[in-house]
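> pasting the structure only:
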């Protein structure tokens, strides 16, 4: 029984506060605001500690959607998961991807195979000193399991992307922890983003059985051979808990979409990007070709990072030693260039900071394709 | 009669002042310093006005090579063309490519087709007010013709890459011009780099018949439909004239190399990169495969720029409106990611600022391949 | 007859979207939202084209104040002038300064001399091609006169600070103008900020009789000897017209504040800063001393810029040739350091880009002091 | 008996590789190259890990001085201490200060009081894992004592500035240490600069009795209440040992210079700067006044840093949470603005990263004045 359906819409934005595209689709009846469960966005900030474009975007979306949901703005986030990833370096184009979920009345006939599903869950708020440590790993793993159940996915193999929004430390939060006699994992606000992303990714790996469960504090940002192949985690100043979004395929979905993924072994792994496209029936540069194919690219979700050992296939890179531009910006720009080139579109979701998300220097790359009605697929 | 041969060696560097790799090859007898005609390098500065890594690299190379050439350091540049392009954003890896030239004693037997050749020429020093204007275009065109002759190339179709090093304006130079009653083309040091690169590229286009010859001041940085498909120009603070290096194929060369090129129509044009690789018998990711093929990638030379109209295939990019990172850095990072991914190596020469070098937002991409002795090619 | 009074409150912010400080003062009855006429703020963005912290701050303030004013958020700006200046480099501390205005019932007795007054006016929306040109100068001059009248100030000598918020060009706006057959003053978004600030400042100079009135297009960003000693102009992406705020002293005000100013001749002109403090009865480091004096510092408003000739008192500066950090950020950091050190507080309003605002490389510096009740002044 | 004399000359530079000013003074006989003992410079890089302007400057100075000293370039540093501090943000002007030392034949008559002296010493090369730790502290303390002896200074109270150049970790060095089974103090190249500066400063504090001698690993970058009031340490990629330069006053010197210092308690401590000027008989803005006074400013040497607690006198600063510009750049710009404004010259030596150099958020400020012959002092 296919009991649910999902819709996925990619919308360009003209700035972090721009909600005109979403509003227009709502007014046209194309998107039912009540069915929105998650919005993943790329905003044009620096993706670092002081990237306020994420908070601005969430604030604008919240204020816009509140009246449609009969909620005050500050309660909208309890209903919709907003994940804004800062940084559209290079060719990357700011946009949001809106996920909606509905009951699927009469879609059963003629659908074969597994189709896209989405599930969500949240952890409790973390204390500053819990960020980047064991507690964050365990609570995240628990939330991933809950989100899988929410999505109707049983087999971990059917999970192709787990997006997590996680908190970071600020001077204030660090001071607060110290005042209570606790030492945070780092005193650097910027550094805390890596710890939070890393612990969250290990939580995914634990939940999906990708690593042994005896993961603890000591492994975070140290044992980079431990990773999840589908985790994508972004740290933001605007929350203190983890928001978990699971994307996968299930037979209970009647959605006209499929998701697949591959793992980039390094930042120039074109083979992995091509494989991820193929996994949902797409090919190089499909996005820019006329829509005659049976499959159409909706969006690509990938993580990028600078290889921690300072080199790629034997050649030195300078990303980790540049005091002018943070390595996450370098990595997003480069991987964004590769994925945009291979797919033929630059409005793709490439997020920085891939600690424990794919192998060191690499990262997961997931693709969502729409199955066209007239396709022979 | 094949009267000349050329060798091309790519050498990684550990920093802008690192000459150890070159020195080691000289000491091993692998490179004869007296045969070096040009060194093209990527250094890890910002590629902007205050990128001193270019000057530092040239200074280090000059000091190193001077004793081998029995010349004082400051005269080495009269013999060898140094072109250092600043900016190895993203995955790009700092390196130099050394071009040597020799008489070809007995290489004729068995060689068919055209092979790689290199030619060089220089313009006179420009006055500050001449930069970015008609004079620079005409003098450059003249130098390109001279460099073609030097390379033994007659047909413009056989020219696949023209690298030019050109000057920029500084506060001092601008003031000097104004003091003499002349107004430079711009009062911005950074802005002058674009003018100088643009005028130089139009000079190449004129020389190769790619545009009508009635190009003048008014077209520079305005008529972006006028461009050269093989020009690559870099502005640097360390010189006041243009250095022109022509790379192409000719029957008079006995070199075991071929060069080919394609034109990227935009910054995500993977097809053009693949075509450029194919034009010399290479395929996707060849650089990282075992060297069993008959052809081996030596290096790729490309220009990158942010699309002046602010979008790529209909999606907005943010490169031109980022006050933190200059658009040239964004563009190099993205195009460097794509080319590195497609070729399988990140030690490629991607240079920023492609005004009149390829169509707006795009740029030339040239590939040099070595023909392996044991190949069946 | 003293018919009006003004209140000025400086409030620290924890981020561009933080309105908690203002909200708290409103709830305490310390600020009557209906009496607010202007809010000048420093936000922690880059102060450049893609500084969205300004727009975010205005959005947050608007949403917060709307219910108190019985207005929809988008109409709040018709009632209150918001001027957010991006960039709190170095020691500068993000904050807002709230100006309120009331009728002054019975304040006449015992007040001698002129006291602080505020007046406001707006121009019409400009077309993209009008920005940085004659039209913007003339419309601004007209608005300055209107704002003086609104403030009850007759003598231009009593005007000590004129803050203007003006528009900038974006890729979209440039394209739109070109599509209609008009050429904007520049094709660079970043560059347009300087033109807009410069033309607006010349408008102030014209209105106050600081320059001859035959100012036109040709003088903008060229004749830097033409300037206003009290203009402070900031360009922002969020509007297309000029908002003009005049601050000065008048006998019709019963406010317990005075304003004075001086002109910094260069970015290290400590004498001017000390003179500006003295002009309202303050001394070096007063802000950090116990409030026993009869005068208390409220805030300082200054403009900073990199000397266009590349040097300060004969020594070269590097601000104009730095491709990593824009010169406006350098200048704000340096002048902010000086003013904060001399006044003893870092929550001061130092804004970048002082084209035609004070002499080249310098800028106006205005100080508002509160006259303490127990003072013997 | 006054047995020694010292000369101090400040020379502007036109770029990191510019030695023309020094060369000209040598050729004029104004500076005897054989008497040079140290050169302290400010170069216009980013002051971070990838600031190659320091290495470039040293390389240029070395090559220039080598023939005068009959030494090969690479041995010049064994004779002359080069300390290049990267970063001339804001108004700061790139320059070098050359210190020479001579026997003082017949200077005794008429000189009263202590006069400027300079002493030097070096530590052994450190292993990567020793940087930022106990070993670096102890070896530095030993070298400070040796440098005091070299300067003829006995009383620690007579030491007014101790400049140290210390190493940093790079990816290569970190990897090398790990390969040998040792864990460096941090895995971040940028972060290692702080550790190295901090440990070196604590070494000075130990040597001068400013702190108890039981300082160890655990105190570095943790116990910021432990500091030296005269230490100034700069980390650079170009060396693996510490170079120590002691500046102070002694009766054995016949030099026409005096040095004094004060400690800035925070980055806006104008009182300390004024006190430091006064300690050698100077006043606000003296540098820009006509040289009629009996004392003339030669240079100011100061350290700057962002207050680690995130605020200055109760107002939040944003330096530690800015992902675009490193906090050391912010701090140099602000403190440079203050010191330049108070002294009247922008060619001052303000160096970033003041860990354990003065109190948290503050730093030492030392002033050298020349005693003019015609002065009545």
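Received, thanks. Please read these numbers as outputs of a predicted model, since none were measured by experiment.
> Chain neighbours aside, what residue packs nearest to the residue of the stretch 51-200 of chain A found nearest chain C?
Evaluated by CB to the nearest CB, the stretch 51-200 of chain A has residue A:56 as its residue closest to chain C, separated by 4.1 Å. For glycine as for every other residue, the C-beta is placed from the backbone atoms N, C-alpha and C. The spatially closest residue to residue A:56, leaving aside those adjacent along the chain, is residue C:56, at 4.1 Å (CB to CB, 6 or more residues apart in numbering or on different chains).
> Count residues in the vicinity of that neighbour, would you?
Residue neighbour count, defined by other CB atoms under 10 Å in any protein chain shown, stands at 26 for residue C:56.
> same deal with residue A:143?
If you count neighbours by other CB under 10 Å, residue A:143 ends up with 26.
> do residue A:181 as well
For residue A:181, the tally of surrounding residues (other CB under 10 Å) stands at 7.
> Please identify which helix or strand holds the residue lying closest to residue A:324 once chain neighbours are set aside.
For residue A:324, ignoring the flanking residues on the chain, the nearest one in space by CB to CB, 6+ apart is residue C:324 at 4.6 Å. Mapping residue C:324 onto the secondary structure by DSSP states H and E places it in no helix or strand at all.
> repeat for residue A:50
Residue A:50 is part of no helix or strand when elements are defined by DSSP H and E.
> Tell me who's in contact with it.
For residue A:50, the contact set (CB atoms under 8 Å, 6 or more residues apart in numbering or on different chains) comprises C:44, D:318, D:321, D:322, D:323, D:324.
> show me the contacts for the first one.
By CB under 8 Å, 6+ apart, the contact list for residue C:44 reads A:50, A:52, C:15, C:16, C:53, C:86, C:87, C:88, C:94, D:318, D:322.
> partner residues bridging the spatially most central residue of chain A?
Taking CA atoms, centre = their mean as the criterion, residue A:163 is the residue nearest the geometric centre of chain A, at 3.6 Å. Legend: beta-bridge partners of residue A:163 under DSSP bridges are residue A:232, residue A:245.
> separation between it and residue A:119?
Distance, residue A:163 to residue A:119, using CB to CB, to the nearest Å: 11 Å.
> Then residue A:373?
26 Å.
> Who has more neighbours out of the two?
For residue A:373 against residue A:119, the residue with the higher neighbour count under other CB under 10 Å is residue A:119, and the figures read 25 against 7.
> Can you tell me the SS state at that one?
strand (DSSP: H, G, I helix; E, B strand; the rest coil).
> Let me see the contact set for it.
By CB under 8 Å, 6+ apart, the contact set of residue A:119 is A:146, A:147, A:148, A:149, A:150, A:151, A:152, A:153, A:245, A:246.
> Okay, and the beta partners of it?
residue A:246.
> residues from chain A in reach of chain C?
Taking CB under 8 Å from any CB of the partner chain as the criterion, chain A approaches chain C at residues A:14-17, A:44-45, A:50, A:52-53, A:55-56, A:59-60, A:63, A:172, A:237, A:324.
> Quick one, grab the pLDDT at the residue in the stretch 151-300 of chain A that chain D sits nearest to.
Taking CB to the nearest CB as the measure, the stretch 151-300 of chain A has residue A:171 as its residue closest to chain D, at 3.6 Å. Per-residue confidence for residue A:171 comes out at a pLDDT of 84.
> hmm, back to that, buried subset of the residues of chain A next to chain C as a ChimeraX selection?
Here is the ChimeraX selection string for the buried members of these, based on 16 or more other CB atoms under 10 Å in any protein chain shown:
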select /A:15,16,17,44,45,50,52,53,55,56,59,60,63,237,324
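> coming back round to it: give the other helices and strands that the strand or helix carrying the residue nearest to residue A:56 contacts.
Element membership of residue C:56, judged by DSSP H and E, is helix C:53-69. Helix C:53-69 makes packing contacts with helix A:53-69, helix C:20-27, strand C:36-43, helix C:73-76, strand C:81-86 when contacts are defined by 3 or more CB pairs under 8 Å, 6 or more residues apart in numbering or on different chains; DSSP states H and E.
> Direction-wise, compare the first one with strand A:81-86 and give the angle.
Between the axes of helix A:53-69 and strand A:81-86, defined by axes from the mean of the first three to the mean of the last three CA atoms, to 10 degrees, the angle is 150 degrees.
> what mean pLDDT does helix A:53-69 have?
Across helix A:53-69, the average pLDDT comes to 96.
> circling back to that earlier point, count the residues that sit near the residue of the stretch 151-300 of chain A closest to chain D.
21.
> returning to what we had before: which among the contacts of residue A:119 end up buried?
Neighbour-count burial (16+ other CB under 10 Å) is assigned, among these, to A:146, A:147, A:148, A:150, A:151, A:152, A:153, A:245, A:246.
> Which of those fall in helices?
When these are checked against helices (DSSP state H), the matches are A:146, A:147, A:148, A:150, A:151.
> who touches the third one in this structure?
So the one you mean is residue A:148. Here residue A:148 is in contact with A:119, A:154, A:156, A:159, A:207, A:246, A:248 (criterion: CB under 8 Å, 6+ apart).
> just checking, the last one touches residue A:257?
In other words, residue A:248. No: contact status for residue A:248 versus residue A:257: not in contact, 11.3 Å apart, counting by CB atoms under 8 Å.
> Spell out which residues are contacts of both of these two.
residue A:116.
> okay, the two: which has more neighbours?
Summary of the neighbour comparison: residue A:248 and residue A:257, criterion other CB under 10 Å, with residue A:248 having more neighbours (30 against 23).
> so that one sits in a helix?
No: Residue A:248 is assigned strand when assessed by three-state DSSP, not a helix.
> mind checking pLDDT for it?
You'll see residue A:248 listed with a pLDDT of 98.
> same check, this time on residue A:17
With respect to pLDDT, residue A:17 has a value of 97.
> any idea what sits nearest it, other than its immediate chain neighbours?
Counting by CB to CB, 6+ apart, residue A:17 lies nearest to residue A:60, which is 4.5 Å off, once chain neighbours are set aside.
> List the residues that contact that neighbour.
A:16, A:17, A:18, A:19, C:59.
> try residue A:324
By CB under 8 Å, 6+ apart, the residues touching residue A:324 are B:46, C:324, D:46, D:48, D:50.
> Between the two ends of stretch A:246-258, how far is it?
Stretch A:246-258 stretches 14 Å from its first residue to its last (CA to CA, to the nearest Å).
> which residue packs closest to residue A:348, ignoring adjacent ones?
Nearest one to residue A:348, counting by CB to CB, 6+ apart, is residue A:300 at 4.3 Å.
> secondary structure class for that neighbour?
With three-state DSSP as the criterion, residue A:300 reads strand.
> quick one: low-confidence parts of chain A?
Within chain A, the stretches falling below the threshold (pLDDT under 70) are A:104-109, A:213, A:291-293, A:374-377.
> Could you list the residues of it in contact with chain D?
Residues of chain A lying near chain D by CB under 8 Å from any CB: A:46-51, A:170-172, A:175, A:188-191, A:309-310, A:318, A:320-324, A:326.
> Among those, which are located in helices?
With helices defined by DSSP H, the entries of the residues of chain A next to chain D inside them are A:171, A:172, A:175, A:189, A:190, A:191.
> Pipe the residues you listed into JSON lines and attach distance to residue B:203 per row.
Formatted as JSON lines, these follow (distance: CB to CB, whole Å):
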{"residue": "A:171", "distance to residue B:203": "54"}
{"residue": "A:172", "distance to residue B:203": "57"}
{"residue": "A:175", "distance to residue B:203": "60"}
{"residue": "A:189", "distance to residue B:203": "50"}
{"residue": "A:190", "distance to residue B:203": "45"}
{"residue": "A:191", "distance to residue B:203": "49"}
